[in-house]
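> sequence and predicted model, in that order:
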Amino acid sequence: MSLRFVPASVLMGGLQLVLAAATASPEWKILEKFSGSWKGEVKVTAGDGKETSFSTKNAFAPILGGRFLEDKGGAVDGSASQIGMWRYDPVAKKYQSWYFLSPGGEAIQFTYDWVEAEQAFHGTAELGGGMTMEAMDQFKGKDAYEWSIIVKGKDGTVFNRMLGKQTRVR
């Protein structure tokens with residue numbers, strides 16, 4: 001049967017059932033731990049050992065009918081910002097996120113595993129030219145999480161490390 005002959009209300013009704021099941025899934029419940037507003041501190045260590053730090057704020061909220069979790073925020077001083085979208089891919093059985101960053105205009109796609117015993121997402125992103133990012137987001141209770149990113153060259157050289165500590169804003 002061709003889909004062009006199926007009434008739109010039937011198609012949309014099926015879509016609504018799929019969407020409802022996705023947002024009620026155990027995998028979505030894990031993503032919901034991020035929901036809300038956060039503030040934090042980030043420490044950046046360059047490959048040469050030089051350290052800098054800055055304050056951040058961000059907020060996570062469901063978007064697009066609850067199929068994605070948006071992360072919007074950046075540096076408190078306005079020097080950098082990001083928009084991210086997270087989801088669970090039931091076919092690959094992996095979590096995914098896409099981050100769009102300023103001021104450089106980067107777009108980065110991560111793939112993650114959830115490690116229940118650690119209450120943590122562990123992920124990677126390919127940056128091109130053999131460069132990779134290793135990411136970790138770990139919940140430290142209901143109102144705190146820590147994250148880290150390590151950027152490496154294809155030979156394993158570390159170009160920078162970032163460590164963030166976020167606390168929920170009530």
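Ah, there it is.

> helices along this protein, start to end?
For the chain, the helices defined by DSSP state H cover 8-24, 26-31.

> just the residues contacting the lengthiest strand in the chain, thanks.
Assignment by DSSP state E gives strand 51-63 as the longest strand of the chain. With contact meaning C-beta atoms under 8 Å, 6 or more residues apart in numbering, strand 51-63 is reached by 23, 34-46, 68-77, 79, 82, 85-86, 164, 166, 169. (Each C-beta comes from the backbone N, C-alpha and C, glycine too.)

> so residue 139 sits against residue 116, correct?
No. Using C-beta atoms under 8 Å as the test, residue 139 is too far from residue 116 to be in contact (10.9 Å).

> those two - which one has more neighbours?
Neighbours per residue (other C-beta atoms under 10 Å) separate residue 139 from residue 116, with residue 139 holding more: 17 against 7.

> report pLDDT for that one.
Per-residue pLDDT puts residue 139 at 98.

> contacting residues around residue 82?
58, 71, 72, 73, 74, 99, 100, 101, 102.

> residue 148: which of the residues you listed is nearest?
Among the contacts of residue 82, residue 99 lies closest to residue 148 (C-beta to C-beta), at 14.6 Å.

> quick one: the closest one from residue 109, how far?
8 Å (C-beta to C-beta, to the nearest Å).

> repeat that for residue 46.
For residue 46, the distance to residue 109 - C-beta to C-beta - is 24 Å.

> which residues does stretch 124-132 contact?
Contacts for stretch 124-132 (C-beta under 8 Å, 6+ apart): 108-111, 133-135, 151-155, 159.

> got the end-to-end distance for stretch 113-124?
9 Å (C-alpha to C-alpha, to the nearest Å).

> just the buried residues of it, please?
Within stretch 113-124, the residues that qualify as buried are 114, 120, 121, 122, 123, counting by 16 or more other C-beta atoms under 10 Å.

> then stretch 134-148?
For stretch 134-148, by 16+ other C-beta under 10 Å, it's 134, 135, 136, 137, 139, 145, 147.

> what does that stretch contact?
Counting by C-beta under 8 Å, 6+ apart, 33-34, 38, 110, 112, 118-125, 149-150, 152, 161-168, 170 sit against stretch 134-148.

> wait, residue 95 touches residue 28, no?
No. Using C-beta under 8 Å, residue 95 makes no contact with residue 28, being 10.3 Å away.

> ok, residue 68 touching residue 88?
No. Residue 68 lies out of contact with residue 88 (C-beta under 8 Å); the separation is 9.9 Å.
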